[in-house]
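[1] Okay, structure incoming, though there's no sequence with it:
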């Protein structure tokens, strides 16, 4: 029988009534002839509660014990869903991550999946069981300790299980009915896309779209797992198809720009009058890298006499103060005259594989933003996207302008 993985997030399993609704979605797919594995998150808000308990017990907590506590939320959901499925007349059993086993690295709180042997799940399918798997967790083989994959890790669990069991596809159920051309709360005319490429979804996820976790999209792309974003709040007997994330070859017609993403999680730092000499970039960005601070957009402006340069770059807003402290400490090694910063900035991005074969796509956007009086502080480009850094006050105007400019209102 073909195999299907279904993943349900925290809002989809927030209470017992919603878990019953999830059971009916699963029953529909079993009736359609699939062997089904279901990956579940903890009930909405439960992981945050568990994290607070850990911090309350000891602010300097042991990370292995932290994982032991926070992994428990998914166990409750998995057990309840298995019970609900049994009430629907289906064979079902719950699986903890270590029982599969989901083998991971030993980086507690942010472990990476190394392997998922499928023998236990294969045996369960042979018995006609629905496998209900606690997402977000695994086990490190050498230590035997429970690990967790980081926030949003259930998406990663789902795609990894789909790859391991050779699933036909992986359906990610959430509180939205698919991937939109941009945030509908900002642009009411935003449209749900029927299909989007792995590469475009990866860019969207990394540039501010919150629909899927970045690592899950990376896994889906590497293992070529067709992944669908669907709504768990659709009636089980009238569920909409959602958005399919797939290979570029599976999309007949592709627009130049597929979607507009934005991220408010940005901060800008500028170092003034840095000596323009070999090694200066390493002196700036080396200490930040050592501190695991991700640097994104970088602009270097050399002075007229080419003796000094201004260096502007962005970091996550949560890391802004830490980044400034590191640069203050390294001032003598870097040799800058002044440091400036801003946290009232936002990154707006346009994504589309069609950019590969069309010239002037970004220039068109720059003109349109200028006509709206929006000043661009920094620009980055890649083969299938470009991003601009602007003042946060212009976020909605910029997103709406670009959404209309590329015809996404009529998509």
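    Good, I have the coordinates. Bear in mind the structure is a predicted one, so any value in this text is a computation, not a measurement. Numbers count the residues shown, from 1 in each chain.

[2] For residue 138, name its beta-bridge partners.
    For residue 138, the beta-bridge partners under DSSP bridges are residue 147.

[3] Mind giving me the packing neighbours of the lowest-mean-pLDDT helix or strand in the chain?
    In the chain, the helix or strand scored least confidently by mean pLDDT, DSSP states H and E is strand 298-302, which has a mean of 84. When contacts are defined as 3 or more C-beta pairs under 8 Å, 6 or more residues apart in numbering; DSSP states H and E, strand 298-302 packs onto strand 308-315, strand 378-381. Quick note: C-beta positions are derived from backbone N, CA and C, even for glycine.

[4] Mind doing that once more with 6 Å?
    For strand 298-302, the elements it packs on are strand 308-315, judged by 3 or more C-beta pairs under 6 Å, 6 or more residues apart in numbering; DSSP states H and E.

[5] How far away from the center of its chain is the strand it packs on?
    27 Å (C-alpha atoms, centre = their mean, to the nearest Å).

[6] Which positions in the following helix or strand past that strand come out as buried?
    Once strand 308-315 ends, the next helix or strand along the chain (criterion: DSSP states H and E) is helix 320-329. Neighbour-count burial for helix 320-329 flags 320, 323-324, 326-327 (criterion: 16 or more other C-beta atoms under 10 Å).

[7] any weak-confidence spans in the protein?
    Along the chain, the model assigns pLDDT under 70 to residues 252-253, 304-305, 411.

[8] and the angle for the least confident helix or strand of the chain with strand 308-315?
    Orientation check (axes from the mean of the first three to the mean of the last three C-alpha atoms, to 10 degrees): strand 298-302 against strand 308-315 gives 170 degrees.

[9] Identify the residues contacting strand 298-302?
    For strand 298-302, contacts defined as C-beta atoms under 6 Å, 6 or more residues apart in numbering pick out 276, 309-313, 378.

[10] one more time with 10 Å
    The contact list for strand 298-302, computed with C-beta atoms under 10 Å, 6 or more residues apart in numbering, reads 268, 270-272, 274, 276, 280-281, 284-285, 308-314, 377-380, 389.

[11] And those, which of them are buried?
    Using 16+ other C-beta under 10 Å, the buried ones in the contacts of strand 298-302 are 268, 270-271, 274, 276, 280, 284, 308-314, 377-378, 380, 389.

[12] quick one: the strands in the stretch 251-400 of the chain?
    With DSSP state E, counting those that start in this stretch, the ranges of strands along the stretch 251-400 of the chain come out as 259-263, 267-275, 298-302, 308-315, 338-342, 345-351, 378-381, 385-391.

[13] Redo these as JSON lines? Include distance to residue 401.
    Below are the strands of the stretch 251-400 of the chain laid out as JSON lines (distance: least, C-beta to C-beta, whole Å):
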{"stretch": "strand 259-263", "distance to residue 401": "9"}
{"stretch": "strand 267-275", "distance to residue 401": "21"}
{"stretch": "strand 298-302", "distance to residue 401": "22"}
{"stretch": "strand 308-315", "distance to residue 401": "21"}
{"stretch": "strand 338-342", "distance to residue 401": "22"}
{"stretch": "strand 345-351", "distance to residue 401": "9"}
{"stretch": "strand 378-381", "distance to residue 401": "16"}
{"stretch": "strand 385-391", "distance to residue 401": "11"}
